[in-house]
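Structure here, sequence nowhere to be found:
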């Protein structure tokens with residue numbers, strides 16, 4: 001069978017085009033597939049680096065905030081006034097304070113924690129005002145635990161048992 005020369009050239013060109021297309025597509029997919037994996041690895045590394053940076057920045061912010069709070073705390077020379085202030089507030093509202101126990105501990109090189117426990121006895125309104133003033137006091141007081149109940153005394157006398165803490169800088 002005699003194929004015209006133009007048709008034979010056309011078939012050859014079509015075959016070459018097909019082979020070249022297969023080669024180009026194979027190279028294209030191999031390159032981009034490996035590039036895609038590289039991109040995924042780089043994105044994962046970037047994500048980890050970003051999380052680490054965010055963690056470091058949060059830690060730095062916490063350290064700055066802590067330094068600011070510590071700078072606002074009273075010095076340890078104010079130890080007596082930090083303990084006496086709640087007792088003064090209790091007296092102002094005519095509350096009875098039978099006894100106070102306190103403990104001082106160093107929790108950081110520049111920070112002292114003073115914890116104290118005591119009871120106050122009086123009317124509900126006086127106890128409410130006492131707590132309100134403690135919460136808005138100039139010194140930082142943390143109420144760790146409190147129990148309110150009837151006092152063993154007759155009448156409308158209530159007893160509030162408190163565990164509190166405050167902090168001083170050294």
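That came through fine. Nothing here was measured: the structure is a model prediction, and the numbers come from that model.

Please enumerate the strands of the chain.
Using DSSP state E, the strands of the chain run over 100-108, 111-122, 141-150, 158-169.

Note down every partner strand of the third one and its orientation.
What that stands for is strand 141-150. Paired neighbours of strand 141-150 in the sheet (DSSP bridges): strand 158-169 (antiparallel).

thinking again about what came up before, out of the strands of the chain, the one nearest residue 56 is which?
Closest approach to residue 56 among these (CB to CB): strand 100-108, 20.9 Å. Where you see a C-beta, it was placed from the backbone N, CA and C, and this is true even at glycine.

The closest one to strand 158-169, inter-axis angle?
Orientation note: strand 100-108 sits at an angle of 30 degrees relative to strand 158-169 (axes from the mean of the first three to the mean of the last three CA atoms, to 10 degrees).

tell me what strand 100-108 is packed against?
helix 79-92, strand 111-122 (3 or more CB pairs under 8 Å, 6 or more residues apart in numbering; DSSP states H and E).

which stretch among those comes nearest residue 162?
Using CB to CB, the helices and strands packed on strand 100-108 put strand 111-122 closest to residue 162, at 5.9 Å.

State the distance from residue 95 to residue 80.
Using CB to CB, to the nearest Å, one gets 20 Å for the distance from residue 95 to residue 80.

Comparing these two, which residue is more hemmed in?
More crowded of residue 95 and residue 80, by other CB atoms under 10 Å: residue 95, with 22 against 8.

so who does the closest residue to residue 142 other than its chain neighbours touch?
Setting aside the residues directly before and after it, residue 142 is nearest to residue 165 in space (CB to CB, 6 or more residues apart in numbering), at 4.7 Å. Residues near residue 165 by CB atoms under 8 Å, 6 or more residues apart in numbering: 113, 114, 115, 116, 141, 142, 144.

Check residue 102 too.
83, 114, 115, 116, 117.

where are the low-confidence patches of the protein?
1-5, 7, 32-36, 153-154 (pLDDT under 70).
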